[in-house]
Structure formats: C-alpha cells, structure tokens
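[1] only the shape, not the letters, is given here:
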C-alpha cells in the first residue's frame, strides 16, 4: 500500500526508482570492494562460506545475485528515458551524453558484481529480466524490426565478452553444471516425497526446516544444513499445500499480466512499470532453483518495485484529478449568483 501511494505521482515514482537504482549500484560497488580490497570479508568480519565470490551483505551469493539482477532491470528501464528525453534549456549534448554514460557505468558495476557472485541462475535471471524490458522498449521504436534483432545480437556479444574477461569463475561453474546440480536434484526428490504425504494443506507456514528432517536421507549427507528447499515454489507447496501455494503465485501472475498488458496498450514510456515487469521476471526465474525471495531484502525490493509500477497501471493520478475536477464543478454550481 505504501508503494502504491508513493507511485501515485509519476515524478515521485521516477525519483524513487532512481534512488533505488543507485542504492543497488553502491551495494554492488561495496561488494566488489569487500571482495578485492577488504580481504573477502562481510562488513569487516571474516566469511565462513562462499569464499572468493561477492556476497555483499547477504547470506549467500545467489540471493545477492537476485538483488543485483533486479537492479539491472531498473537500470535498463531508466536508460531509454534518459536517451530520449529532450534537452533542457540550459543543457548541451555533452551533458546528455554524460548522463547516459553515468547510468551506463552504474549498470557496468552491477554486471561486474553479478559476475563476481558466480551465480549461474542469477546471471541468467538478470539477463532475461533485462532482455524482456529491452524488448518492451524497442517495440515502440519506428524501426523495431531492425532494432530488436540488433539489440539481441549486441547483448549476446557484450555478454560473451564480459563473461570471458571478468567471469572466469562463473565459466568454471557452468562447465561443472552436472556435478553441481546432483545434490540439488536429490534434495528436490526428497521434498517431492515430503509434499506427496500432505499435498493439499502442507505442513504449515514456515515449517519446512522442522518437517523436512523426517524425509532427509542418502544420498544427501550431514555436511550441509538443509533448512530450505532451494526452490521457493517447492517451499510454498510443502508448507501451504497446493491450495495455499497457488494463491501468492496466482497473484504475481495476474500482476505481471496487468503490467504487461498496460505496457502494450499505452504509448507513453513508463520506467517504474518496466522495472516492475523485469523484477517479477527475475524473481520468477531464480525462485525455481533457489530461495532468494525468502530473504527479506529481495522480498521488500520486489514489493516496492511492483507497487510503484502498478500505481501507473491503475491510473491513480488520473482518477484523483478527475475527482478533484468534479468536486470543483459541483462547488461552483452551488454558489449563489450575485
């Protein structure tokens, strides 16, 4: 509700989106500083896991990668408005180029931090979120048939170059994909057995770490603590059952459809709406194989982005203006004639 109210005014929603973007850029820069200059620590304290990769202030790299991926979608949604905005009276072309380069540098820092997390699905989710936002922007260009394939080719080329230059650790993890997913698939198999015991009502909200030990066994070992299903969808079904789990999933599906439909049926450029679409895409993809939305920072960020993006789709501003206009007209009609 607070995010909806904040997004009711388009200028305020845009400034809020800009503030969130640069906060994520600063967090990304700080994570790289911790990794390379502060002895691979977390807030000055030694890390006991995920050594050699960027985690920011998060408990693991995958949750941090989701946070960064949503920031990437925000930056991609803001950049076209900066490129196409008309020059102010006291602004030169050089000023406009500097602004574009400044935001481009912020996006570059986020991408570097994402590569430093070495999160495979996080990078893929971020790329898909940015890709969807880019397609929604390019479709309004007069030569979209030319620009869309060109943008896809450029994005693929830049991604390959960036991964090759800065993402050697990520490349090693991608090549070891088969071995790295063996334990995860074993966990999913046991969680599915757990769900089969109580498929409709589940075991209760927040009860996964209490109920799962009854189903834990080989080939998984006790070297790791399995207190999460590593899939938000499986967590929801195991805790709330199929009936309860479908409710939050259906809500976000309907929100995404509303946002996309609004974006496809209006002609104005709306950065908060695009950022909300990208954030939902990122979260939906990464939640299949991890628990990023079970981390409060990611959940809060997603809700805020969806709230301010949805406000523009609900026409809150136009309704408020129309109601004020009708009130004024009634008041004038009731005034006695002198």
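    Ah, there it is. Just so we're clear, the structure is a prediction, and the values are computed from it rather than from any experiment.

[2] in stretch 191-211, what's buried?
    Buried positions in stretch 191-211, judged by neighbour count with 16 or more other Cβ atoms under 10 Å: 191, 194, 195, 198, 202, 203, 208, 211. Backbone N, C-alpha and C define where each C-beta goes, glycine included.

[3] just send those back as a markdown table, with pLDDT, secondary structure and distance to residue 105 too.
    Below are the buried residues of stretch 191-211 laid out as a markdown table (pLDDT from 0 to 100; DSSP: H, G, I helix; E, B strand; the rest coil; distance: Cβ to Cβ, whole Å):
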| residue | pLDDT | secondary structure | distance to residue 105 |
| --- | --- | --- | --- |
| 191 | 92 | helix | 42 |
| 194 | 93 | helix | 47 |
| 195 | 94 | helix | 46 |
| 198 | 92 | coil | 51 |
| 202 | 90 | coil | 46 |
| 203 | 93 | coil | 47 |
| 208 | 91 | helix | 41 |
| 211 | 90 | helix | 47 |
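
[4] pick out whichever of those residues sits closest to residue 13.
    Taking Cβ to Cβ as the measure, residue 208 is the one of these closest to residue 13, at 35.7 Å.

[5] can you pull the contacts of that closest one?
    The contact partners of residue 208, taken as Cβ atoms under 8 Å, 6 or more residues apart in numbering, are 227, 228, 229, 235, 238, 239.

[6] let's see which of the residues you listed end up in strands.
    Among the contacts of residue 208, no residue falls in strands (DSSP state E).

[7] what subset of those residues is buried?
    228, 229, 235, 238, 239.

[8] residue 107 - how many residues pack around it?
    By other Cβ atoms under 10 Å, 20 other residues sit near residue 107.

[9] for residue 23, see how far away it is.
    Distance, residue 107 to residue 23, by Cβ to Cβ, to the nearest Å: 14 Å.

[10] now residue 229: phi and psi?
    phi -80, psi -10 (degrees, to the nearest 10).

[11] start the count at 3, not 1, going forward
    In the new numbering, first residue 3, that becomes residue 231.

[12] residues touching the closest residue to it other than its chain neighbours, list them.
    Using Cβ to Cβ, 6 or more residues apart in numbering and skipping the chain neighbours, the partner closest in space to residue 231 is residue 237 (4.4 Å). Residues near residue 237 by Cβ under 8 Å, 6+ apart: 210, 230, 231, 293, 296.

[13] for the fourth one, phi and psi?
    If I follow you right, that is residue 293. Per degrees, to the nearest 10, the backbone of residue 293 is at phi -120, psi 40.

[14] pretty sure it sits against residue 236.
    No - counting by Cβ atoms under 8 Å, residue 293 stays clear of residue 236, with 9.6 Å between them.

[15] about what we covered before: specify which member of the buried residues of stretch 193-213 is nearest to residue 264.
    Nearest member of the buried residues of stretch 193-213 to residue 264, counting by Cβ to Cβ, is residue 204, at 34.0 Å.

[16] can you report phi and psi for that closest one?
    The phi/psi pair for residue 204 (degrees, to the nearest 10) is phi 70, psi -160.

[17] in contact with it, which residues?
    197, 239, 240, 241, 242, 243, 246, 247.

[18] mean confidence score for the helix or strand where residue 13 lies?
    According to DSSP states H and E, residue 13 maps onto helix 12-38. The pLDDT scores in helix 12-38 average 95.

[19] and it, what does it pack against?
    With contacts taken as 3 or more Cβ pairs under 8 Å, 6 or more residues apart in numbering; DSSP states H and E, helix 12-38 sits against helix 4-8, helix 63-86, helix 95-119, helix 273-288, helix 298-315.

[20] which parts of the third one are buried?
    Neighbour counts over helix 95-119 (16+ other Cβ under 10 Å) mark 98, 105, 108-109, 111-119 as buried.

[21] kindly report the same for stretch 43-57.
    Neighbour-count burial for stretch 43-57 [16+ other Cβ under 10 Å]: 44, 52, 55, 56, 57.
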